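I need the structure of the sequence given here:
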Amino acid sequence: MYLLVYVDDLILTGNDPNALKSFISCLHNEFAIKDLGELNYFPGLEVTYTSNGLFLNQSKYALDILSRAKMLDAKPAPTPLSTNVSFVSASESFSDTTYYRSIVGALQYLMITRPDILYAVNQVSQFLHAPTIDHFQAVKRILRYIKGTFAYGLHYSQPEHTSLLGYSDADLARCLETRRSTYGYSIFWEAI
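Got it, this is the predicted structure:
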């Protein structure tokens, strides 16, 4: 069973209908609740039921970010980052740090259904304290990528078989300023 709470809204899901009913009954005994049935929209998150699962996306939220950034008419980019981008703090400061933080924060929430922008958003998030013009250009590149892919999302379906699969990678001295190494890993519970 999974329970997501946002202020006074709840999402409850699970694979045991009896446990769900029992939990809802316990909640109802303690609080005045209203069951709205199947989930269709939760702040910034759209849920579409398909014949074999669920599709989660944030297309309206993505368009809102583009609108707020005044990039609705921007030309789409094929990737979230350019191949030659380097993230260093030694360049001209970006004048509006509040705006930078606001857009990057919005992109962080968009990552709920967009793992394809995770690395790029992580990179620009490391400079929230003192963004440069180059960092803001990287944020604009992410926004241009979103412009062309705003309807992307995650599809969850009922698997017939599952397997566990892991990947790892390391980059010696990746950080250009501190020469620190970075590494990453992904563990997948694959549904086949």
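
residue furthest from the geometric center of this structure?
Distance from the C-alpha centroid of the chain peaks at Asn29, with 35.1 Å (Cα atoms, centre = their mean).

what's the helix or strand for that one?
Element membership for Asn29 (DSSP states H and E) is helix 17-30.

Which other helices and strands does whichever helix or strand comes after that helix contact?
Reading on from helix 17-30 to the C-terminus, the next helix or strand found by DSSP H and E is strand 41-42. Packed against strand 41-42, as judged by 3 or more Cβ pairs under 8 Å, 6 or more residues apart in numbering; DSSP states H and E, are no other helices or strands. For glycine as for every other residue, the C-beta is placed from the backbone atoms N, C-alpha and C.

what's in contact with strand 41-42?
4, 6, 9, 11, 47 (Cβ atoms under 8 Å, 6 or more residues apart in numbering).

again, but for stretch 58-76
Residues from elsewhere that reach stretch 58-76, judged by Cβ under 8 Å, 6+ apart: 44-46, 102-103, 106-107, 109-110, 112-114, 140, 143-151, 153.

would you list every one of the helices in this protein?
17-30, 59-68, 97-110, 118-125, 133-149 (DSSP state H).

can you put those in TSV and add mean pLDDT and distance to Leu36?
Below are these laid out as TSV (pLDDT from 0 to 100; distance: least, Cβ to Cβ, whole Å):
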stretch	mean pLDDT	distance to Leu36
helix 17-30	90	12
helix 59-68	97	19
helix 97-110	97	22
helix 118-125	95	31
helix 133-149	97	29
